[in-house]
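[1] okay, predicted coordinates and the sequence, questions at the end:
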Amino acid sequence: MKWSVLDQSPSAAGSTQDVAIRESIALAQHCDALGYERYWVSEHHNSASIVGTAREILIAAVAGARRHSYALLAEAFGLPSAAGKPQ
């Protein structure tokens, strides 16, 4: 069975974005050691608790931290915002 992980790079209340990125790197290294085959990062905007607004940066950080080769995948989901809804 192929295992994957989806990392949304959450930031805890009172924490900083750089801590969230470091935690994502640590998670990627742990998944690498466990033999996961895919590591997904997500892109979110307008959320104070999720750091993943620039998935390219997170992918680069994760890619530089892993020892084995597994697929690094990214996905962006677009949901209508309150500003985009017709009145």
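    Now that the structure is in, tell me what you want to look at.

[2] helix, strand, or coil at residue 48?
    coil (DSSP: H, G, I helix; E, B strand; the rest coil).

[3] what's near enough to touch it?
    residue 11 (CB atoms under 8 Å, 6 or more residues apart in numbering). Every residue, glycine included, has its C-beta placed from N, CA and C.

[4] any low-confidence regions in the chain?
    Residue ranges of the chain with pLDDT under 70: 45, 52-53, 68-87.

[5] ok, residue 2 - contacts?
    Counting by CB under 8 Å, 6+ apart, residue 2 touches 37, 38.

[6] give me that answer again for 6 Å
    Residue 2 makes contact with residue 37, according to CB atoms under 6 Å, 6 or more residues apart in numbering.

[7] make sure I have this right: it is in a strand.
    No: counting by three-state DSSP, residue 2 falls outside a strand, being coil.

[8] just read off the phi/psi values of it.
    Torsion angles at residue 2 (phi, psi; degrees, to the nearest 10) stand at phi -90, psi 130.

[9] renumber starting at 39 from here on
    With the count now opening at 39, the last piece we talked about shows up as residue 40.

[10] quick one: it from residue 49, how far?
    Per CB to CB, to the nearest Å, residue 40 is found 29 Å from residue 49.

[11] how about residue 84?
    14 Å.

[12] neighbour count for these two, which is higher?
    Legend: neighbour count by other CB atoms under 10 Å for residue 84 and residue 49, higher for residue 49 (20 against 10).

[13] got the contact list for that one?
    Residue 49 neighbours (CB under 6 Å, 6+ apart): 55, 58, 87, 89.

[14] now do the SS call for the nearest residue to it once chain neighbours are set aside.
    Using CB to CB, 6 or more residues apart in numbering and skipping the chain neighbours, the partner closest in space to residue 49 is residue 58 (4.1 Å). With three-state DSSP as the basis, residue 58 sits in helix.

[15] to what extent is residue 58 buried, counted in neighbours?
    Counted with other CB under 10 Å, residue 58 comes out at 21.
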